[in-house]
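Trainee: next one to model:
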Amino acid sequence: MTESTIIYTRTDEAPSLATYSLLPVVQAFAAQAGITVESRDISLAGRILAGFPEYLDADRRVDDVLAELGREVLAPEANIIKLPNISASIPQLKAAVAELQAKGYEVPDFPEDAQSDEDLDTLARYRKVLGSAVNPVLRQGNSDRRAPASVKHYAQTHPHRMGAWSPDSKTDVAHMEGGDFRGNELSAVMAADSSLRVELVTADGAAAELRAPVAVMADEIVDATVMQVAELRTFIDRQIARAKAEGVLFSVHLKATMMKVSDPVIFGHVVRAFFPRTFAEYGDVLAAAGLSPNDGWGAILDGLDGLPEGKAIRTSFEGELDDGPRLAMVDSDRGITNLHVPSDVIVDASMPAMIRSSGHMWGPDGAEADTLAVIPDSSYAGVYQVVIDDCRTHGAFDPATMGSVPNVGLMAQAAEEYGSHDKTFEIPTDGSVRVTDAAGTVVFDMPVAAGDVFRMCQTKDVPVRDWVRLAVSRARATGDPAVFWLDEGRAHDANVIAKVRTYLPEHDTEGLRIEILAPEEATALSLERIRRGQNTISVTGNVLRDYLTDLFPIMELGTSAKMLSVVPLINGGGLFETGAGGSAPKHVQQLLAEDYLRWDSLGEFLALAVSFEHLAQRTGNARAQVLADTLDRATGRLLDENRSPSRKLGGIDNRGSHFYLALYWARALAAQTDDAGLAAAFTPLADRLSTDEEAIVGELLAVQGSPVDLGGYYLPDSAMAEAVMRPSTTFNEVLATLG
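Mentor: Below you'll find the predicted structure:
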């Protein structure tokens, strides 16, 4: 990697397919400024293969590209475009493994009940791939997410539909009032560099290490907490009864991808609670068959046909489904419920979608209905309740007039909950979890019961200091208020607040409005201001960063994929993220059925522009700045001309939007006066693309309507995918003339 290199990640599903079409355009344009754009594969399939080199023939082994990028993000010259990737749940991982095996890659099965040393080793390798495996490695900086001016202007002039709210809506959020992660949280600030030993101590005094010692640094915040399963089950039972009594849909909202250890377990308890009689009678049979509710009800149903008791179990499930409250549906046409797959209902995407749709989710009858949204942990659930109450009182938000809530997020160096995966455990027996430092001093001693979920998190001091700096700089640059969403009554937040108050005086805050408010209060303030068309910078921790950068953009812009997401890396480099990927699976399904990809690459366009700008500022490459400025203009033109993928077959799709971006970008480069050489290089291309526009669009439209074969879902055949995603011979030939 050199200072004139941009790394463009190849990931999964729709973003990966779009890359086959867009990357050749980017590489051709960037080359005219002496910039090399390299592709790096960090897909789920690539990460699986990288974890098992000795299982593969030499010619089929792949490098551990994620580990390589983890080193490169620490370099001052790092410049990385990061597309959305699969945060794999166990069912997704199993599906990817099965596909790789079918292609002749002899990777091992996922071990359902690891006992042998070999199975335990295999399980450990797969755990490194599960959930948010990519983000903690690459995000060596804090987050700056906001709506670019061109995107905001388009949303105001072409407002998306918002569902009307009734003051009589029964939609609500339910969360635990105690016994959850927030209620049990303990927090400490490390006095010196050390290591922490994490042990489970049983009633007879025996101590067993839960993991190898954890290295900690001076001034680092360390938290420990536990979800008490008895309290959780009581809570879930009450919400199931409440949903039935109130006649609303029952829906659970978790983050089983990012919180890959804790939330699948919690999801499993919800499945058990919804079907208590079936699990009481057949739970042992299901467990013996390797059918776990943690993998979702759908996985259990799929496995019943191979069991002698399968028909009876299915009948029992159906009876309890009829007796319980109506379940919210992921796909009512196909009978896919909220409990089918843990990764189908991700809280940060599902809750704002519900709020945007009048507080409704889809019911089993295919109609919308009020919903009880169950978010067991109380840490951030109240944020959604405040929004729902506001909509019930004041009605839906108006995208044409509403303000923005940009975000400055604390996420560097695996901060907070999202860094807890290797320190989260389902406790096997009653006792206590004791955490001691290198000197033997007890830091935490937490009572636990069998089945409880223990979690320990870390937040280093350097990221907090950088987060405060970034918040002040954004407030200074925009003039908007900056609000730290922190609660004095929460143990972790209290320690963060102390650091914020220490580091704020290091910056010039004269004339700036900077506040610290608990999340619910910060939500209310932000909503009051956005209804007046005013902007409020949210300054939040890692999980709230994830939640809010979906919540507000989905209401404001219609999608979070249109946000500009910049990660100024602490060592001076830049990571530029391209938006959310939650709808990517549905887009792939449509492509396979109809040769139509609705994925919108706007996030990629926005990220590329700031990537070029960052490179120009670091290296003095004036042409990179010209590329950035003209790409911004091209993106604005694309939005104004409504050249984003249309919603229906027969309009331009992702590939068509890439053509129009190339056309508008080439025209902008040909017309600019800052660099005559670039203008001369792009004038012939702009002319050819303009002349051949009708032919190119015709070729792109002609392929629509028929099924296509990509040669794989998790590991598509590259030649087949490229043929599908670059179907216009004319466009390909014209682009090649740029050299």
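Trainee: quick one: mean pLDDT for whichever strand or helix holds residue 679?
Mentor: Using DSSP states H and E, residue 679 sits within helix 676-691. The predicted model assigns helix 676-691 a mean pLDDT of 97.
Trainee: just want the angle from the helix or strand following that helix to helix 676-691.
Mentor: Stepping forward along the backbone from helix 676-691, the first helix or strand reached (DSSP H and E) is helix 693-702. Angle, helix 693-702 to helix 676-691, by axes from the mean of the first three to the mean of the last three CA atoms, to 10 degrees: 60 degrees.
Trainee: where are the low-confidence patches of the chain?
Mentor: Low-confidence segments of the chain, defined by pLDDT under 70: 1, 579-583.
Trainee: domain assignment for it?
Mentor: Listed by automatic domain parsing, the domain ranges of the chain are 1-86+131-140+569-739, 229-394.
Trainee: got JSON lines for those, with distance to residue 486 too?
Mentor: Any C-beta I mention is one placed from the backbone N, CA and C, and that applies to glycine too. Shown next, in JSON lines, are these (distance: least, CB to CB, whole Å):
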{"stretch": "domain 1-86+131-140+569-739", "distance to residue 486": "20"}
{"stretch": "domain 229-394", "distance to residue 486": "12"}
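Trainee: which residues touch the helix holding residue 679?
Mentor: With CB atoms under 8 Å, 6 or more residues apart in numbering as the test, helix 676-691 has contacts from 32-33, 623, 626, 659, 662-663, 666-667, 669-673, 696, 731, 734-735, 737-738.
Trainee: and those residues, which are buried?
Mentor: Among the contacts of helix 676-691, the ones that count as buried by 16 or more other CB atoms under 10 Å are 32-33, 623, 626, 659, 662-663, 666-667, 669-670, 672, 696, 731, 734-735, 738.
Trainee: just checking, which of the residues you listed belong to helices?
Mentor: Within those, residues falling in helices by DSSP state H are 623, 626, 659, 662-663, 666-667, 669-670, 696, 731, 734-735.
Trainee: a markdown table please, covering these and showing distance to residue 24.
Mentor: Output for those, formatted as a markdown table (distance: CB to CB, whole Å):
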| residue | distance to residue 24 |
| --- | --- |
| 623 | 19 |
| 626 | 20 |
| 659 | 12 |
| 662 | 10 |
| 663 | 15 |
| 666 | 14 |
| 667 | 19 |
| 669 | 17 |
| 670 | 19 |
| 696 | 14 |
| 731 | 10 |
| 734 | 12 |
| 735 | 6 |
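Trainee: tell me which two of the residues you listed sit farthest apart.
Mentor: Distance extremes for those: the farthest pair is 623 and 696 at 26.5 Å, using CB to CB.
Trainee: got the phi and psi for the closest residue to residue 144 other than its chain neighbours?
Mentor: Nearest non-adjacent residue to residue 144, counting by CB to CB, 6 or more residues apart in numbering: residue 566, 4.6 Å away. Main-chain torsions, residue 566, degrees, to the nearest 10: phi -110, psi 130.
Trainee: hang on, isn't residue 566 packed against residue 574?
Mentor: Yes. Between residue 566 and residue 574 there is a contact under CB atoms under 8 Å: 6.9 Å.
Trainee: quick check: neighbours shared by those two?
Mentor: With CB under 8 Å, 6+ apart, residue 566 and residue 574 have common neighbours residue 610.
Trainee: and stretch 143-153, end to end?
Mentor: End-to-end span of stretch 143-153 (CA to CA, to the nearest Å): 23 Å.
Trainee: over to stretch 359-371?
Mentor: End-to-end distance (CA to CA), stretch 359-371: 7 Å.
Trainee: quick check: buried residues in it?
Mentor: 359-363, 368-371.
Trainee: which ones among these are found in strands?
Mentor: In this view, these that belong to strands under DSSP state E are 360-362, 368-371.
Trainee: and those, which two are the farthest apart?
Mentor: Spanning the widest gap among these are 362 and 370, at 11.9 Å by CB to CB.
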